[in-house]
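Asks: Have a look at this prediction, sequence included:
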Amino acid sequence: MTTPAEKMWHDFTTKNKIEGKTYQTRWFGPQDQPDEINRLNALILSGKKRSTSKPLAYYSAEQEAVPQVGDYFILLNGDMKPIAIIQTVVSELVPFLRISGEHAYNEGEGDLSIEDWRARSLAKFTKLMQKYDTQFTEDKPVVSEVFEVVYSEK
C-alpha cells in the first residue's frame, strides 16, 4: 500500500524525471503544536519563509543528519499529512552571532530583523537544548539552512 507521502514523491519524481533520489519527511515547529506547524507551513508556501536554523548540538543529540544541499523533504502539516516537497539549497555551519540579516529576514518570522531573530532564536535554542541537558550560548554553532518549495499540490 502506498502512503500519501510516497504518492507525492512518486508524482514529483515522475513529473520531473528524477531518478535515484530519496526523501525524508519533515515539519517545522513542535509536533504537539499542530497550529504552529500549520502557521509555519503557511509562511513557507507563501514564500515568506525560505530559511531555518537549529543548533548543531541538536542534530548530535537527536542523532539526526544535518541537512545537505540537494536533500529533499516532504513537508508535513499539523495532521502529519504531506503538503509539499522542499529541497535544501544552502546548508552552512555558522556561529550564532554570525547569522546574517539576510538569513534572519528569510526565516520569515517576527519583524524580520537580525535583532529580533537573535532574541527569539536565543530563547528558542536555549529551551530546546535544555531538553538534552546542554547549554546553548551565543558562541555555539548553528546550522543555517535555505530551502525552496519544489512541489506543492496547491
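Replies: Sure thing, it's come through. Residues are numbered from 1 along each chain as shown.
Asks: Could you point out the longest strand of this protein?
Replies: Using DSSP state E, we find that the single longest strand of the chain is strand 82-95.
Asks: by contact count, what packs against that one?
Replies: On a contact count with 3 or more Cβ pairs under 8 Å, 6 or more residues apart in numbering; DSSP states H and E, strand 82-95 meets helix 4-15, strand 23-26, helix 34-46, strand 72-76, strand 141-152. (Glycine included, C-beta is placed from N, CA and C.)
Asks: Recalculate using a threshold of 7 Å.
Replies: helix 4-15, strand 72-76, strand 141-152 (3 or more Cβ pairs under 7 Å, 6 or more residues apart in numbering; DSSP states H and E).
Asks: what lines up beside the shortest one in the sheet?
Replies: What it means is strand 72-76. According to DSSP bridges, strand 72-76 has the following sheet partners: strand 23-26 (parallel), strand 82-95 (antiparallel).
Asks: most tightly surrounded among those?
Replies: strand 82-95 (a mean of 18; mean count of other Cβ atoms under 10 Å).
Asks: distance between the following helix or strand past that one and the chain's centre?
Replies: Later in the chain than strand 82-95, the nearest helix or strand by DSSP states H and E is helix 101-107. Offset of helix 101-107 from its chain centre (Cα atoms, centre = their mean, to the nearest Å): 13 Å.
Asks: From the chain's centroid, how far away is the longest strand of the chain?
Replies: Computed by Cα atoms, centre = their mean, the chain-centroid distance of strand 82-95 equals 6 Å.
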